[in-house]
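Participant: Just the structure for this:
(2 chains)
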Amino acid sequence: GAVVSQHPSWVICKSGTSVKIECRSLDFQATTMFWYRQFPKQSLMLMATSNEGSKATYEQGVEKDKFLINHASLTLSTLTVTSAHPEDSSFYICSARDRPAWNQPQHFGDGTRLSIL
Amino acid sequence: AQKVTQAQTEISVVEKEDVTLDCVYETRDTTYYLFWYKQPPSGELVFLIRRNSFDEQNEISGRYSWNFQKSTSSFNFTITASQVVDSAVYFCALSHSPDPGTASKLTFGTGTRLQVTL
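Facilitator: Okay, the predicted model is just below:
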């Protein structure tokens, strides 16, 4: 149980393109999902907390207009990187808890490697 | 503020050796949870263990064991008889009770890259 699916797993696109990444909880409902970014050989940095039915909460320094998050249902959150540029190239990972309590582990998707040419 | 320190950036061992990955944390909260995650080369993060701040019992799961010591704010992870498949980056993380109306976040350490060779 507690499977989080992320799609696509790899994206290569031209500068200026907008890219949408999907994060789905396959066997549970998630009122909250999290989006992380990871540069090579570095730790995970939380970008935003995605809340079902309401606006996402962004971490300091993350441009909300650049990284659009939509959490329209209890099993799907999307991250859209708008007008992507080479500096946006990174590994993006989503996560969710299968239980709402704050002390429950987050379950992670397989990640999306984004390469902007 | 929460902080997790994994001082070992990279460790290289030969198969069948035991290896301990260190994790030191900082928090002002009395109630918190600690986690270990494994990130193999394929990229996905795999949950390994959760430990709450009131339970200092050590835990063993197969070749994995964890030593939690509040006195030193450490939550170390030992792999016994390491195998090549253990090669991965291991992250220690801390979660604390959130402020009302907010979701609790995970604070990750910088990770330790473990390389197990034949």
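Participant: is the helix or strand harbouring B:F47 anywhere near chain A?
Facilitator: Using DSSP states H and E, B:F47 sits within strand B:46-52. Yes. Against chain A, strand B:46-52 shows contacts by Cβ under 8 Å from any Cβ of the partner chain at B:V46, B:F47, B:R50, B:N52. Every residue, glycine included, has its C-beta placed from N, CA and C.
Participant: Now do the same contact list for the third one.
Facilitator: So the one you mean is B:R50. A:N103, A:Q104, A:P105, B:Y33, B:L34, B:F35 (Cβ atoms under 8 Å, 6 or more residues apart in numbering or on different chains).
Participant: Does the helix or strand of chain B with the lowest mean pLDDT reach chain A?
Facilitator: Within chain B, confidence by mean pLDDT, DSSP states H and E is lowest for strand B:59-61 among all helices and strands, at a mean of 88. No. Contact of strand B:59-61 with chain A (Cβ under 8 Å from any Cβ) is absent, the minimum separation being 14.3 Å.
Participant: just how off-centre is that strand within its chain?
Facilitator: On the basis of Cα atoms, centre = their mean, to the nearest Å, strand B:59-61 is displaced by 13 Å from the centre of the chain it belongs to.
Participant: Not counting residues beside it along the chain, what's closest to the residue most central in space within chain A?
Facilitator: Central residue of chain A (Cα atoms, centre = their mean): A:W35, 3.5 Å from the mean position. Closest residue in space to A:W35, ignoring its immediate chain neighbours: A:M47 at 4.7 Å, by Cβ to Cβ, 6 or more residues apart in numbering or on different chains.
Participant: quick one: contacts for the one you found?
Facilitator: Counting by Cβ under 8 Å, 6+ apart, A:M47 touches A:W35, A:Y36, A:R37, A:Y58, A:E59, A:V62, A:F67, A:L79.
Participant: Report the residue spans of chain B with pLDDT below the cut-off.
Facilitator: Residue ranges of chain B with pLDDT under 70: B:99-103.
Participant: Quick check: residues of chain A near chain B?
Facilitator: Checking chain A against chain B by Cβ under 8 Å from any Cβ, the hits are A:32, A:34, A:41-44, A:46, A:49, A:51, A:57, A:91, A:93, A:95, A:102-111, A:113.
Participant: gap between the closest residue to chain B within chain A and B:L34?
Facilitator: Nearest residue of chain A to chain B, counting by Cβ to the nearest Cβ: A:W102, 3.4 Å away. As judged by Cβ to Cβ, to the nearest Å, A:W102 and B:L34 stand 13 Å apart.
Participant: hey, what's in contact with both of those two?
Facilitator: B:S95.
Participant: Could I get the buried residue list for stretch A:73-83?
Facilitator: A:T75, A:L76, A:S77, A:T78, A:L79, A:V81 (16 or more other Cβ atoms under 10 Å in any protein chain shown).
Participant: So A:R24 belongs to a helix, correct?
Facilitator: No. Assessed with DSSP: H, G, I helix; E, B strand; the rest coil, A:R24 is strand; it does not lie in a helix.
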